[in-house]
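> Here is my input; please provide its structure:
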Amino acid sequence: MFESKKALKLALQEYALKDNFEIRVTRSCTGRYVVGCKDPECKFQFRAIKIEVSGRSSKPKEIMTDMQVERGLSLLYTKALRAKGLAEQNVFGSPELSYRLLSAYCHELKRVNHGTITAIKTDVDKKFEYLFIAFSASLVGFQTAIRPAICIDATHLNGRFGGVMFIAACQDTNNQVFPLAYGWGDVECEDSWTWFLKELKKTIGCPTNCIIISDCSPAIKVAMAKEYPEIPHGLCGFHMNMNLKNRFKSHVVCKLFHEASRAHRQTEFLEKMRELSRVNMRAYEYMMRVDPHRWSRAYCPVRRYGGMTSNIVECMNNCLRYAHQLPITTLVEYVRDMMQKWFHERRDAASRNTTQLSRWATEK
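Numbers count the residues shown, from 1 in each chain. Just a heads-up that it's a prediction; the model follows:
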């Protein structure tokens with residue numbers, strides 16, 4: 001199996017050079033690559049097809065089916081589950097060992113990647129509580145070329161010990177997701193969010209004209225008041241719209257909220273809110289209690305740079321969804337590898353740019 005078509009071609013060229021024959025390409029497209037020998041008397045032929053790798057691990061029931069079809073063996077669900085766990089442990093290591101390696105991994109990460117920030121918090125018994133990581137490339141990019149609108153969110157992990165992963169992300173000048181910092185903890189609560197934001201503040205300080213956007217979590221609200229009282233705390237329009245939908249069961253209410261929250265001028269905002277009050281006074285009062293400065297573009301004390309939702313963090317969660325079951329050190333390495341590929345590809349794309357503006361801005 002080859003990582004890419006380019007890697008396959010290189011391997012074939014080396015093979016042909018070693019065995020002293022020339023390759024003739026008979027078919028080449030996005031999904032298939034077929035070659036043979038230039039000598040008509042030579043029977044050598046090679047076919048390769050592109051396969052889609054899902055990235056997720058097999059479920060126990062899928063293992064049971066595969067063993068029945070391929071080997072004619074009947075497995076109990078518990079045995080398939082145990083086999084899956086043993087296979088994952090052989091590949092990724094045990095979760096217990098992963099936690100013991102975490103401190104050494106962070107030390108090595110900072111040694112080879114200068115400027116990377118890591119922090120680990122343990123309890124009185126030296127047991128793991130929290131981890132914070134901000135990679136050097138993210139910090140340099142944030143200080144020089146990133147919109148100061150930070151979205152934060154958390155997602156639950158489904159490994160043996162569970163846990164929560166915290167993410168802070170922005171958007172770059174090409175409108176792409178730009179990961180800023182990561183955190184890991186045992187649960188999502190006021191204490192864990194407070195610690196994550198405290199470490200984030202130590203790392204990036206309080207940027208001018210910055211805003212932090214999140215969902216309506218009470219834990220985040222308390223943590224923001226403690227650690228970032230200087231920075232406006234914006235609310236995600238998508239989550240607020242879902243709250244309205246669940247509370248008032250009205251498509252019209254949701255539509256008016258969407259239009260009011262995204263209005264650029266205060267006069268336009270007030271017009272939509274007056275219309276909402278005529279349609280549903282309870283919904284109007286509910287939205288005004290939340291404070292329009294936190295969810296409306298027109299009354300926001302700083303620019304939101306088009307960031308009316310925290311969906312960019314949801315995109316990050318989606319990219320990492322198949323890694324949520326990995327042991328913690330392996331998961332951190334997965335994140336590092338993913339970010340390295342992203343930044344390498346973006347740097348190459350930027351080096352080919354012929355205008356002062358990003359490609360996204362030019363096309364707009």
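> Phi first, then psi, for Ser74.
Taking degrees, to the nearest 10, you get phi -100, psi 120 for the backbone angles of Ser74.
> For the residue lying closest to Asn311 once chain neighbours are set aside, grab the count of nearby residues.
Excluding the flanking residues, the one nearest Asn311 by CB to CB, 6 or more residues apart in numbering is Phe238, at 6.4 Å. To be clear about C-beta, it is placed using only N, CA and C from the backbone, and glycine gets the same treatment. Residue crowding around Phe238 was assessed by other CB atoms under 10 Å; the count is 15.
> Likewise for Leu75?
19.
> repeat for Arg274
Neighbour count of Arg274, defined by other CB under 10 Å: 13.
> Next: Tyr15.
13.
> tell me the SS of it?
Following DSSP: H, G, I helix; E, B strand; the rest coil, Tyr15 is assigned to helix.
> tell me the contacts of it?
Counting by CB atoms under 8 Å, 6 or more residues apart in numbering, Tyr15 makes contact with nothing.
> Need the pLDDT of it.
pLDDT for Tyr15: 80.
> before we move on, what about Ser54?
Note on Ser54: pLDDT of 50.
> now do Ala83
78.
> Not counting its neighbours along the chain, what's nearest it?
Computed as CB to CB, 6+ apart, the closest residue to Ala83 that is not its neighbour in sequence is Ile63, at 6.5 Å.
> average pLDDT across the helix or strand where the one you found lies?
Using DSSP states H and E, Ile63 maps to helix 60-71. Mean pLDDT, computed over helix 60-71, is 82.
> Tell me if I'm right that Gly31 and Ala48 touch.
No - Gly31 is beyond contact range of Ala48, at 9.8 Å (criterion: CB atoms under 8 Å).
> Just want to know which of these two has more residues nearby.
Using other CB under 10 Å as the criterion, Gly31 and Ala48 rank with Ala48 on top: 16 against 10.
> How about the more buried one, nearest residue that isn't a chain neighbour?
Closest to Ala48 by CB to CB, 6+ apart is Tyr33, at 4.6 Å.
> Specify the local secondary structure of that neighbour.
Quick answer, by three-state DSSP: Tyr33 is strand.
> sorry, back to before: who's in contact with the residue nearest to Ala83?
Per CB under 8 Å, 6+ apart, neighbours of Ile63: 75, 80, 83-84.
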